[in-house]
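1. can't give you the sequence, but here's the structure:
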DNA sequence: TCTTATTTTAAACAATTTCTTTAAAAAATA
DNA sequence: TATTTTTTAAAGAAATTGTTTAAAATAAGA
């Protein structure tokens, strides 16, 4: 069975960012083209029918907004805008020029992959092969429910309030139940690409997560399993 | 399907490490070139299209990070960085300069081989745009199942909790059923390259492994067979 | 903008688990 | 039976994880 993979154009002037995005997106089976210059990017986008474009706002040649605007004159290719933190003011504005979504830098690789998948799903008429972590909006375990749209976590009907990192960590693990992740991998995927901190930071977040879950249900807390010498995983049926 | 043998450049100032890596990788049919100096390595990497580079961080001539950075200006050769334990702070940072993976020294040869294979698989996959048949990392025997992703071992449906060494030992043997491994070889492959301990250590781990398996199923325990005067092996149908 | 509250990170120590070594008992071989 | 090899058991050493605490970073509110 042959499946078509989506092709994505990544536009950023920083090579480091391009490579990072490329790596994570290729891991999801997407085909990646790169551009570092706005006007070159526009030309590429006009010539080839990309399924999605990841577009940095600040660019040499032609800024992201303009690229998007010009592109929209002839094409409806979905666009996700990348904006640096200081440029946040332009956020809503982005939608006016036809941006479908935006991500604030520094982002976590996980976040980008999720947004890309979501947008592709929304906008695709053809179905793409989405292998691994099938992004659902609600993940349900025996004692735990994660509603990603609402960004809400419930343990046995009781809502548990988590900090951003706690939530992201839990959500990441929950997307691949039973799979063990090393602390390195968690830091790489869940934290943003600018963070190069201590591996034990993960432990601390896991501890707090367990603590909060445990307040409601011991079973829920025990879902987060330590694999000695390896890392952590979430187990659906750990309450044995 | 016949695979072309990949060529790998091994860069480390310690000859002992280079030879060790070379030996293990050649055993997997890879072609190995060596370099002990950073700037020489860069030159070699630029001249020849390697399929992968194993790069030590601390190097004479030019440090690994710089080598990787310079290389990235013109090539996308996959790089695995080798970092000593003290340099851990730089761990995740590797991504900044375009490292694809990293391994902390001292490593076990088995680990390196697995990582190399994984990265080659990843990078060749993207090269040919082939969708990977969802490879499950599960080894199944009549009474024993090893799920490597979950790091979980089941004996007749019952989960058995193993320590890291026990697990690695079992997993190693299970990857080559019926093949006998001497204690020397097991120590060399499964333990890290700095360990020169007692051969009896293997026996102890085998003993505990059998013990744990035996608690659930005698047949499973008997799969780990002693070959008198030689070593140990795993046998799929030892319960006859 | 400044202040306050929250969240995140990191370091230090404690608790736990695992590993290695050792030596004696058991088993296999010749 | 004598010898070699393997198995078993136990204790100290080593490594990993859990916990606490405080500082740093970030976000929110006045």
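-> Now that the structure is in, tell me what you want to look at. Every value quoted in this text rests on a predicted model; they were computed, and no experiment measured them.
2. Now do the buried residues in the host helix or strand of residue A:116.
-> Assessed by DSSP states H and E, residue A:116 sits inside helix A:109-123. Neighbour counts using 16 or more other Cβ atoms under 10 Å in any protein chain shown place A:109-120 of helix A:109-123 among the buried residues. For the C-beta atoms, the positions are set from N, CA and C on the backbone; glycine is no exception.
3. Lowest-confidence member of those, which is it?
-> For those, the weakest pLDDT value sits at residue A:118, with 86.
4. Out of the helices and strands in chain A, which is least certain?
-> Least confident element among the helices and strands of chain A, by mean pLDDT, DSSP states H and E: helix A:91-96 (a mean of 52).
5. so how far is residue A:110 from residue A:191?
-> Separation of residue A:191 from residue A:110 (Cβ to Cβ, to the nearest Å) stands at 9 Å.
6. which residues does the nearest residue to residue A:62 once chain neighbours are set aside contact?
-> Of all residues not flanking residue A:62 in the chain, residue A:38 sits nearest, at 3.1 Å (Cβ to Cβ, 6 or more residues apart in numbering or on different chains). By Cβ atoms under 8 Å, 6 or more residues apart in numbering or on different chains, the residues touching residue A:38 are A:11, A:59-64, A:66-67.
7. Mark which of the residues you listed are buried, thanks.
-> Neighbour-count burial (16+ other Cβ under 10 Å) applied to these gives A:11, A:59, A:62-64, A:67.
8. Out of these, which is nearest to chain B?
-> residue A:11 (17.8 Å; Cβ to the nearest Cβ).
9. wait, the closest one sits on residue A:35?
-> Yes. Using Cβ atoms under 8 Å, residue A:11 makes contact with residue A:35 at a distance of 4.7 Å.
10. Identify the contacts common to those two.
-> residue A:41.
11. Can the longest helix along chain A be said to contact chain B?
-> Secondary structure of chain A per DSSP state H: the longest helix is helix A:200-216. No. Helix A:200-216 does not reach chain B (Cβ under 8 Å from any Cβ of the partner chain); its nearest approach is 10.7 Å.
12. What average pLDDT does the next helix or strand after that helix get?
-> Using DSSP H and E, the helix or strand that follows helix A:200-216 in sequence is helix A:218-221. Helix A:218-221 carries an average pLDDT of 95.
13. Please tell me how far helix A:218-221 is from the chain's geometric centre.
-> Distance of helix A:218-221 from its chain centroid, counting by Cα atoms, centre = their mean, to the nearest Å, is 27 Å.
14. Could you tell me which residues within stretch A:69-86 count as buried?
-> Going by neighbour count (16+ other Cβ under 10 Å), the buried part of stretch A:69-86 is A:69-71, A:77-83.
15. and those, which of them are in strands?
-> Using DSSP state E, the members of those that fall in strands are A:79-83.
16. pLDDT and distance to residue B:137 added to these, as a markdown table?
-> Converted to a markdown table, these look like this (pLDDT from 0 to 100; distance: Cβ to Cβ, whole Å):
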| residue | pLDDT | distance to residue B:137 |
| --- | --- | --- |
| A:79 | 92 | 37 |
| A:80 | 92 | 32 |
| A:81 | 90 | 38 |
| A:82 | 90 | 34 |
| A:83 | 85 | 39 |
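17. Keep the residues you listed, but drop any that are not near chain B.
-> Applying Cβ under 8 Å from any Cβ to those, none is adjacent to chain B.
18. can you list those in JSON lines and add distance to residue B:124?
-> Below are those laid out as JSON lines (distance: Cβ to Cβ, whole Å):
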{"residue": "A:79", "distance to residue B:124": "31"}
{"residue": "A:80", "distance to residue B:124": "28"}
{"residue": "A:81", "distance to residue B:124": "33"}
{"residue": "A:82", "distance to residue B:124": "29"}
{"residue": "A:83", "distance to residue B:124": "35"}
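19. got a list of what the residue nearest the centre of chain A touches?
-> The residue lying closest to the centre of chain A (Cα atoms, centre = their mean) is residue A:111, at 2.0 Å. Residues in contact with residue A:111 (Cβ under 8 Å, 6+ apart) are residue A:103.
20. Name the SS class of the residue of chain A found nearest DNA strand D, please.
-> Closest residue of chain A to DNA strand D, Cβ to the nearest atom of the strand: residue A:226 (3.7 Å). Put simply, residue A:226 is strand when judged by DSSP: H, G, I helix; E, B strand; the rest coil.
21. Using the record's domain definitions, break chain A down for me.
-> A:7-123, A:138-234 (automatic domain parsing).
22. Among these, show the one with the smallest mean pLDDT.
-> domain A:7-123 (a mean of 87).
23. Is there contact, residue-wise, from that domain to DNA strand D?
-> No. Judged by Cβ under 7 Å from any atom of the strand, domain A:7-123 makes no contact with DNA strand D; its nearest approach is 7.7 Å.
24. and that domain, how far from the chain's centre?
-> Remark: domain A:7-123 is offset 14 Å from the chain centroid, using Cα atoms, centre = their mean.
25. Point me to the residue of chain A nearest chain B.
-> residue A:229 (3.4 Å).
26. Surely that residue is in contact with residue B:162?
-> No. At 10.3 Å, residue A:229 does not count as touching residue B:162 under the criterion of Cβ under 8 Å.
27. okay, the two: which has more neighbours?
-> Remark: of residue A:229 and residue B:162, residue B:162 carries more neighbours, 22 against 12, as counted by other Cβ atoms under 10 Å in any protein chain shown.
28. would you say that one is within a helix?
-> No. Residue B:162: not assigned to a helix; according to three-state DSSP it is coil.
29. Skipping its backbone neighbours, what lies nearest it in space?
-> In this structure, residue B:162 finds its nearest non-sequential neighbour in residue B:153, 5.7 Å apart by Cβ to Cβ, 6+ apart.
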